[in-house]
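**Q** Requesting a structural model of the entry that follows:
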Amino acid sequence: MRKATALGMPSLPPRGSGNLRGTEAFPDAARRELADSQLRRNIGKATRTIRAKRINVTGELPDWEQLRLAGEAIKTDVLNRLPELLEQFEEAVTARGGVVHWAADADEANAIVARLVRETGSDEVIKVKSMATQEIGLNEYLEGQGITAHETDLAELIVQLGHDTPSHILVPAIHRNRTEIRDIFLREMSGVDPDLDDNPAHLAEASRKYLRHKFMTVPVAVSGANFGIAETGTLTVVESEGNGRMCLTLPHTLITVMGIEKLLPSYRDLEVFLQLLPRSSTGERMSPYTSMWTGVTPGDGPQNFHLILLDNGRSATLADPIGRDALRCIRCSACLNVCPVYERTGGHAYGSTYPGPIGAVLTPQLAGMDRPHDPNASLPFASSLCGACFDACPVRIDIPSLLVELRHQKVEHARFGLEAAAMRAASIAMSSPGRWSAAQKAAGLARVVAGKKGTIGTVPGPMSGWTDSRDIAAPPKETFRQWWDSEEGRAAMDRARKSGGGK
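**A** Residues are numbered from 1 along each chain as shown. Got it, this is the predicted structure:
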């Protein structure tokens, strides 16, 4: 078993794998998604609704900012003490009848789950909505092993039946409207009423009937966890439908896959996060279903409990003194709902389990972005840096600053790339007054290219990527240094001195 004390040591585990490694750069994927006007309407309507609800319920609390500060402090403390807290957590879970497994990456975690399921004799599992299992590509792996995974969260079920991928952390099927959902149910769901309409209540009832048999007959469930309590070994799942609670209580065997950063030190810390999470995610004062379990209780609930603690790049991220702040994330999706880039492109453009602003900083850190032509390297640039994500984040992750840092790292890793060459050229030009004056005179030639329009719309060669999406303003006819040395500049300085500005 891999012990927690290995975390943060100089010999770091590999970066994450599974559904973290994209295959297409964000600009290319975003261009394709932007052409889908229906998708933009679906996402725009949904995010506007969630934003309005969130503002209402957070505005009710006079101590909302104090709660955010408390959440930030608790999660920062967890990251500072993660190895010792993980070992405390393992001891508590084991003492209460659970079995703890350590997984370095997606392959190891998937193999553990498949082995545990096979040991039960079942070839089916029911699943609680889980970002961790999406991250490692568990469903696809189990399918290859002859094991069928049944998603029970309504939105996850829609995605699964539609042979689709999630596009939002909280609402995986946010890119679908109810008419599209009805068509998916009619096409893919066995036993559905052929006259099913797109009334939301009727769609929910159809999914309820479809899942009921699975709840009652499948002996193995797989879940993630919103929080793990190091002090007691308690796991927590919050959800809105109750399907998760069915999975957590009815099967004989429960397997939970939890990212190692999901810890809280004490049971009391839940007081803070059970206020922050529902308000930030669904705009609710509290989650309709908050399920907590500690180990195994004879005769009550699952009689076999396995906890898989997943690294998958988290130790490498923890070692980054700046980037580690992204591990404070509690997966509320508030940053997605306020992001103008996400609202227009949707989640699929990010090419990873984690879309939106948090995905743009978390995915490159978990999976790395230094492979040749790595699609993840484009994610830190998928932002306008407007800062709305920081204002919305319940644990105060400074996502804009992390994006800037990752852009810096990308340029540093490139060494011989375009950005690195441009920065070196700027450094040389600014290294002496003479070089800077020469560079300014040379830049003046761009006015010829700009012509009467005053802008440069197309640049050949490697710089064409810039002008594909924006124009370059022509340099001014006169630089500041030239103006300063001119008669007009000297006159302006004389006027400033006479008025007292030169004292």
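
**Q** By residue count, tell me the biggest helix in this structure.
**A** Ranked by residue count, the top helix of the chain under DSSP state H comes out as helix 37-59.

**Q** Next, the buried residues of that one.
**A** By neighbour count with 16 or more other CB atoms under 10 Å, helix 37-59 contains the buried residues 39-40, 42-43, 46-47, 50-51, 54, 57-58. Every C-beta, even on glycine, is put in place using the N, C-alpha and C of the backbone.

**Q** now stretch 235-254
**A** Of the residues in stretch 235-254, those scored as buried under the neighbour-count criterion (16+ other CB under 10 Å) are 235-241, 243-248, 250-251, 253-254.

**Q** Narrow those residues to those in helices?
**A** When helices are assigned by DSSP H, the members of these inside them are 243-248.

**Q** If you rank every helix and strand of this protein by mean pLDDT, what lands last?
**A** The helix or strand of the chain with the poorest confidence is helix 464-467; it has a mean of 67 (mean pLDDT, DSSP states H and E).

**Q** Show the subsequent helix or strand relative to it.
**A** Next helix or strand after helix 464-467 toward the C-terminus (DSSP states H and E): strand 472-473.

**Q** Which other helices and strands does that following strand contact?
**A** Using 3 or more CB pairs under 8 Å, 6 or more residues apart in numbering; DSSP states H and E as the contact criterion, the neighbours of strand 472-473 among helices and strands are helix 446-450, strand 455-456.

**Q** mean pLDDT lowest for which of these?
**A** Taking each of the helices and strands packed on strand 472-473 in turn, the one with the lowest mean pLDDT is helix 446-450, at a mean of 70.

**Q** Using CSV, write out the CA atom coordinates for stretch 267-286.
**A** The C-alpha coordinates for stretch 267-286 follow below in CSV (Å, rounded to 0.1, in the frame of the first residue of the first chain):
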residue,chain,number,x,y,z
TYR,A,267,-16.3,17.0,11.8
ARG,A,268,-16.9,20.6,12.9
ASP,A,269,-15.5,21.9,9.7
LEU,A,270,-18.5,20.6,7.8
GLU,A,271,-20.5,23.5,9.3
VAL,A,272,-18.6,25.9,7.0
PHE,A,273,-18.7,23.8,3.8
LEU,A,274,-22.4,22.7,4.1
GLN,A,275,-23.2,26.4,3.9
LEU,A,276,-20.7,27.3,1.2
LEU,A,277,-21.3,24.4,-1.2
PRO,A,278,-25.1,24.4,-1.8
ARG,A,279,-25.3,28.2,-2.1
SER,A,280,-22.4,28.3,-4.6
SER,A,281,-23.4,25.3,-6.7
THR,A,282,-27.2,25.1,-7.0
GLY,A,283,-28.3,28.4,-5.4
GLU,A,284,-29.9,26.5,-2.5
ARG,A,285,-29.7,27.2,1.2
MET,A,286,-28.9,23.5,1.8
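
**Q** Quick check, pLDDT for Asp494.
**A** The predicted local confidence for Asp494 is 83.

**Q** ok, so what distance separates it from Glu487?
**A** In this structure, Asp494 and Glu487 are separated by 11 Å, where distance is defined by CB to CB, to the nearest Å.

**Q** Give me the more crowded residue out of these two.
**A** Shown here are Asp494 and Glu487; by other CB atoms under 10 Å, Asp494 has more neighbours (11 against 7).

**Q** In contact with the more buried one, which residues?
**A** Remark: with contacts taken as CB atoms under 8 Å, 6 or more residues apart in numbering, Asp494 is in contact with nothing.

**Q** Quick one: the strands in this structure, in order.
**A** Defined through DSSP state E, the strands belonging to the chain, from first to last, are 99-103, 124-127, 148-151, 220-223, 227-229, 234-239, 253-259, 263-264, 289-294, 304-310, 455-456, 472-473.

**Q** May I see those arranged in a markdown table, with distance to Leu270 as well?
**A** Compiled in a markdown table, those are given as follows (distance: least, CB to CB, whole Å):
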| stretch | distance to Leu270 |
| --- | --- |
| strand 99-103 | 21 |
| strand 124-127 | 24 |
| strand 148-151 | 26 |
| strand 220-223 | 17 |
| strand 227-229 | 7 |
| strand 234-239 | 7 |
| strand 253-259 | 15 |
| strand 263-264 | 7 |
| strand 289-294 | 8 |
| strand 304-310 | 18 |
| strand 455-456 | 55 |
| strand 472-473 | 53 |
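
**Q** Between those, which one is closest to Ala439.
**A** Taking CB to CB as the criterion, strand 472-473 is the member of these that comes nearest to Ala439, at 15.8 Å.

**Q** Name the strands paired with the closest one and say parallel or antiparallel.
**A** According to DSSP bridges, strand 472-473 has the following sheet partners: strand 455-456 (antiparallel).

**Q** Tell me which other helices or strands the longest helix of the chain touches.
**A** For helix 37-59, the contact count by 3+ CB pairs under 8 Å, 6+ apart identifies helix 270-281, helix 334-338, helix 340-345 as packing neighbours.

**Q** if you set the cut-off to 10 Å instead, what comes out?
**A** Contact here means 3 or more CB pairs under 10 Å, 6 or more residues apart in numbering; DSSP states H and E; on that basis helix 37-59 packs against helix 26-34, helix 64-80, helix 178-188, helix 270-281, helix 334-338, helix 340-345, helix 388-392.

**Q** so which of these is the most packed in?
**A** Compared across the helices and strands packed on helix 37-59, helix 334-338 shows the largest average neighbour count, a mean of 28 (mean count of other CB atoms under 10 Å).

**Q** tell me how far that one is from the chain's mean position?
**A** The gap between where helix 334-338 is centred and where its chain is centred comes out at 10 Å by CA atoms, centre = their mean, to the nearest Å.

**Q** please renumber so the chain begins at 49
**A** With 49 as the first residue, the last one maps to helix 382-386.

**Q** Format the CA atom coordinates belonging to it as PDB.
**A** Included here for helix 382-386 are C-alpha records, laid out as PDB according to Å, rounded to 0.1, in the frame of the first residue of the first chain:
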ATOM      1  CA  ALA A 382     -19.700  28.700  -9.400                       C
ATOM      2  CA  CYS A 383     -16.800  29.800 -11.600                       C
ATOM      3  CA  LEU A 384     -18.300  28.200 -14.600                       C
ATOM      4  CA  ASN A 385     -21.600  29.900 -14.200                       C
ATOM      5  CA  VAL A 386     -20.100  33.400 -14.200                       C
END
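
**Q** related to what we said a few turns ago, could the helices and strands packed on strand 520-521 be laid out in TSV, adding mean neighbour count?
**A** Compiled in TSV, the helices and strands packed on strand 520-521 are given as follows (neighbours: other CB atoms under 10 Å):
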stretch	mean neighbour count
helix 494-498	13
strand 503-504	16
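
**Q** how about those, which one is nearest Pro448?
**A** If you check each of these against Pro448 by CB to CB, strand 503-504 wins as the nearest, at 27.7 Å.

**Q** Can you give the distance of the closest one from its chain's centre?
**A** Taking CA atoms, centre = their mean, one finds the center of strand 503-504 at 37 Å from the center of the full chain.
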